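Visitor: Next one to model:
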Amino acid sequence: MKTGTFQAVILLTAFTFLASGCQNLQQQDAERGSEAIANSDPLPSWNDGKSKQAITDFVTRTTTDGNADFIPVLDRIACFDNDGTLWNEYPVYAQFLFSFDRVRAMAPEHPEWKREQPFKALLEGDMARVWASSMSDLLKLVAAAQANTTTTEFEQAVTTWMDTAINPNTGRHYGEMTYQPMIELLNYLHDNGYKTFIVSGSGIDFMRPWTEEAYGIPPDQVIGSSYVVKYEIRDGQPVLFRLPEINFVDDKENKPVGIHQHIGKRPVFTAGNSDGDYAMLQWTSTGPGPRFGMIIHHTDSIREAAYDSLSSIGHLQKGLNDAAKYNWVIVDMKEDWKEIYPPLQLVR
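Guide: Numbers count the residues shown, from 1 in each chain. Presented below is the predicted three-dimensional model:
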């Protein structure tokens, strides 16, 4: 054999050996990767149990091509209440606290508030008197804080408050009081082709500035209560001005209405925590095909709060009574969740 031919055979043999070795390594890496994916837990803050199993079973069935319960991607609509479902609501809704802080900041421009209730009580720090006020009086505070401003000004006010306000009970910013297990659930649904929406009684303009950062839910997927907005030209520039007139209250029986008007499709997955979410859960569960309804039951008095039928905040009775009728999953916060809030180092 000639020297050149011998060298060619040696090089070819070496190349074949290396190629085979690389293929084996690639195959091993792929197998390890598949095994890691198979063994990974998409809901690590959920304890193993019926609630977690029900979620993963539903998602697996509805996203596995060829399964009888398969749902096309365009129909994978999931709706979530916000207060008490995705973040803390007890003992006071965050939007009320925002409104109170904003009224205090605006007080120098409104000397008449020193004489008018419930503004007078709020400015004097008499919170017992404030909470004893009628709902219509409380809504006066909310309206004063949120109307008669442009949408841009209001968005900036909300953003500043979310960046600076501290919850006195937990010492956390309000954006740090989202529920870690629910963040994982939203991400799990996103990863499996679900489009997630917030459907809340809170103001739509109060939520939109921060929901994408907090939940990965963009502003156009947020449905909430709203004020009448008017288009105006001010100083030669077009603005949207918020009037002190309620446009839509996105609560109770209005939640399915809001879903219809904003989304145009009935959701297949819905989560709430109070009887204010009953109609939305019922609307979801009575549709054709596979459906999933879930109620977050606040049972953890140590890590968060325990409340349901006796509470005016997040009142829950009818939902618990009818859960079996509609096959709703009752998530026991104390038993089902390993963690309540995200670790502070992850959100600061």
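Visitor: all contacts plus neighbour counts: C-alpha atoms, from now on.
Guide: OK.
Visitor: where does residue 174 fall, phi/psi-wise?
Guide: When read as degrees, to the nearest 10, the backbone of residue 174 gives phi -60, psi -30.
Visitor: What is the burial count for it?
Guide: Neighbourhood size, residue 174 [other Cα atoms under 10 Å]: 18.
Visitor: With adjacent residues omitted, what lies nearest to residue 233?
Guide: residue 239 (6.1 Å; Cα to Cα, 6 or more residues apart in numbering).
Visitor: Quick check: which element contains residue 283?
Guide: Here residue 283 sits within helix 278-285, counting by DSSP states H and E.
Visitor: helices and strands around that helix, which ones?
Guide: Applying 3 or more Cα pairs under 8 Å, 6 or more residues apart in numbering; DSSP states H and E, one finds that helix 278-285 makes contact with helix 254-262, strand 269-272, strand 292-297.
Visitor: Pull up the pairing partners for the second one, direction included.
Guide: It stands for strand 269-272. Paired strands of strand 269-272, with direction, are strand 77-80 (parallel), strand 292-297 (parallel) (DSSP bridges).
Visitor: show me the contacts for the closest residue to residue 131 other than its chain neighbours.
Guide: Leaving aside its chain neighbours, residue 131 sits nearest to residue 138 (8.0 Å; criterion: Cα to Cα, 6+ apart). Contact analysis of residue 138 by Cα atoms under 8 Å, 6 or more residues apart in numbering lists 118, 130, 131.
Visitor: I'd say the residue nearest to residue 233 and residue 232 touch.
Guide: Yes: using Cα atoms under 8 Å, residue 239 is in contact with residue 232, at 5.4 Å.
Visitor: more neighbours, the two?
Guide: Shown here are residue 239 and residue 232; by other Cα under 10 Å, residue 239 has more neighbours (17 against 13).
Visitor: need the contact list for residue 208.
Guide: Residues in contact with residue 208, defined by Cα under 8 Å, 6+ apart, are 218, 219, 222.
Visitor: and the last one, how many residues sit next to it?
Guide: If you count neighbours by other Cα under 10 Å, residue 222 ends up with 24.
Visitor: Now do the helix holding residue 283 against strand 292-297, angle only.
Guide: Counting by axes from the mean of the first three to the mean of the last three Cα atoms, to 10 degrees, helix 278-285 lies at 150 degrees to strand 292-297.
Visitor: contacting residues around helix 278-285?
Guide: Applying Cα under 8 Å, 6+ apart, the set of residues contacting helix 278-285 is 252-253, 255-256, 266-272, 291-294, 318-319, 326.
Visitor: Buried ones from the residues you listed, can you make that a PyMOL selection?
Guide: In PyMOL, a selection of the buried entries from the contacts of helix 278-285 looks like this (16 or more other Cα atoms under 10 Å):
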select buried, resi 252+255+256+266+267+268+269+270+271+272+291+292+293+294+319+326
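Visitor: hey, where'd the strands end up in this structure?
Guide: Residue ranges of the strands in the chain, as given by DSSP state E, are 77-80, 149-150, 195-203, 222-234, 237-248, 269-272, 292-297, 329-332.
Visitor: which stretch among the ones you listed comes nearest residue 68?
Guide: Closest of the strands of the chain to residue 68 is strand 292-297, at 15.6 Å (criterion: Cα to Cα).
Visitor: Please state the offset of the closest one from the chain centre?
Guide: Its chain's C-alpha centre and that of strand 292-297 lie 14 Å apart, by Cα atoms, centre = their mean, to the nearest Å.
Visitor: Show the average pLDDT along it.
Guide: For strand 292-297, the mean per-residue pLDDT is 98.
Visitor: Report pLDDT for residue 33.
Guide: Looking at residue 33, its pLDDT reads 41.
Visitor: related to what we said a few turns ago, could you work out which of the strands paired with strand 269-272 reaches nearest to residue 334?
Guide: Comparing the strands paired with strand 269-272 by Cα to Cα, strand 292-297 comes nearest, at 8.8 Å.
Visitor: which residues are in contact with the closest one?
Guide: By Cα under 8 Å, 6+ apart, strand 292-297 touches 58, 84-85, 268-274, 281, 284-285, 308, 319, 326-333.
Visitor: so what's the spatially most central residue of the chain up against?
Guide: With distances taken as Cα atoms, centre = their mean, residue 86 lies nearest the centre of the chain, 4.3 Å away. Residues near residue 86 by Cα under 8 Å, 6+ apart: 80, 178, 179, 182, 183.
Visitor: ok, now which ones touch the third one?
Guide: When you say that, I think you mean residue 179. So residue 179 contacts 85, 86, 87, 88, 340, 341, 342 (Cα under 8 Å, 6+ apart).
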